[in-house]
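what shape does this take:
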Amino acid sequence: MSEFLLTPQQAIQRWLVQGLDQDDVLPFTGFRSIYALYEAYMEDQENWRSIQRDMAMTAADMEREDDVREVWETFGDYMREHLYPAEYDDEINRLIPLIKKRQQAQRVAASKHFGRRRQCN
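Numbering: from 1, shown residues only. I've put the predicted structure just below:
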């Protein structure tokens, strides 16, 4: 094995752009096949695109994404069983206010002091 390993992106660059043979590139990657190398490269690219999308999101976008995630966690089984996929967006928009009220109630409950003892007269 070589002293250093190429990242999938570096290996694909050397293989496709610089014109090196697959057999010259693979020993420096840790992958046994060009297919596995390319799969890792595509996964890296998708992860990079996801990071870029996340960084471009506004605070409101992030809040909406969290709300949609919570709707799916809470009502996902119901939605999959009773709705067509084309109706998901409308149902999510209908359920987000319910999620918001639940979050608000949880915050209020957490802020109250439940540990206090009441005195009985």
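
low-confidence regions, the chain specifically.
Where the chain drops to pLDDT under 70, the residues are 1-3, 113-121.

show me the helices in the chain, by range?
8-12, 22-25, 34-56, 59-82, 88-111 (DSSP state H).

quick check: which of those is buried the most?
Comparing these by mean neighbour count (mean count of other Cβ atoms under 10 Å), helix 8-12 ranks first with a mean of 19. Quick note: C-beta positions are derived from backbone N, CA and C, even for glycine.

now for that helix, which elements pack on it?
Applying 3 or more Cβ pairs under 8 Å, 6 or more residues apart in numbering; DSSP states H and E, one finds that helix 8-12 makes contact with helix 34-56.

next, the angle from the helix it packs on to helix 59-82.
120 degrees (axes from the mean of the first three to the mean of the last three Cα atoms, to 10 degrees).

show me what helix 34-56 is packed against.
helix 8-12, helix 22-25.

figure out which of those helices is closest to Tyr41.
helix 8-12 (3.8 Å; Cβ to Cβ).

mind listing residues that contact that closest one?
Around helix 8-12, the neighbours that count as contacts under Cβ atoms under 8 Å, 6 or more residues apart in numbering are 25-26, 28-29, 31, 37-38, 40-41, 44.

repeat the analysis, applying 6 Å as the threshold.
When contacts are defined by Cβ atoms under 6 Å, 6 or more residues apart in numbering, helix 8-12 is touched by residues 25, 29, 37, 40-41, 44.
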